[in-house]
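Engineer: A structural model of the following input is requested.
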Amino acid sequence: MATFQQLHDAKETAKRDFGSMPGVEGIGIGDGVLRVYVRDANVKDRLPRTCENVDLEFVVTGEVNPSDP
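Structural biologist: This next block holds a predicted model:
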């Protein structure tokens, strides 16, 4: 299982490398994995399965829009 530091470092790399790709809605830390929130299941086919030796878990969310205060 990845340490917190490994997860944090991998998250920063993932945000830089594919966080702004169309269909990627967000990236977070899960239980020993990075969670990549994607608009639809097809998006994950364009993404790696690991980042810095940390497994990625994909969560289909649909489109995410920031809420207005």
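
Engineer: This protein: helices as residue ranges?
Structural biologist: Using DSSP state H, the helices of the chain run over 4-18.

Engineer: in it, which residue is closest to the centre?
Structural biologist: Nearest to the mean C-alpha position of the chain, by C-alpha atoms, centre = their mean, lies V36 at 2.4 Å.

Engineer: and L56, what is it in contact with?
Structural biologist: Residues near L56 by C-beta atoms under 8 Å, 6 or more residues apart in numbering: A14, V33, L34, R35, V36, L47, P48, R49, T50. For glycine as for every other residue, the C-beta is placed from the backbone atoms N, C-alpha and C.

Engineer: wait, doesn't the fifth one sit right on P48?
Structural biologist: No. Using C-beta atoms under 8 Å, V36 is not in contact with P48, being 9.7 Å away.

Engineer: Among the contacts of L56, which ones are in strands?
Structural biologist: Of the contacts of L56, the ones assigned to strands by DSSP state E are L34, R35, V36, T50.

Engineer: And the residues you listed, which two are furthest apart?
Structural biologist: Taking C-beta to C-beta as the measure, the ones in strands among the contacts of L56 span a maximum distance of 13.3 Å, between R35 and T50.

Engineer: out of the two, which sits in the more crowded spot?
Structural biologist: Just comparing R35 and T50: by other C-beta atoms under 10 Å the higher neighbour count belongs to R35, 16 against 12.

Engineer: surely the more buried one meets T61?
Structural biologist: No. The pair R35 and T61 does not pass the contact test of C-beta under 8 Å, sitting 10.1 Å apart.

Engineer: Quick check: G26 vs P66, distance?
Structural biologist: For G26, the distance to P66 (C-beta to C-beta, to the nearest Å) stands at 11 Å.

Engineer: Between the two, which is the more surrounded one?
Structural biologist: Comparing G26 with P66 by other C-beta under 10 Å, the one with more neighbours is G26, at 13 against 5.
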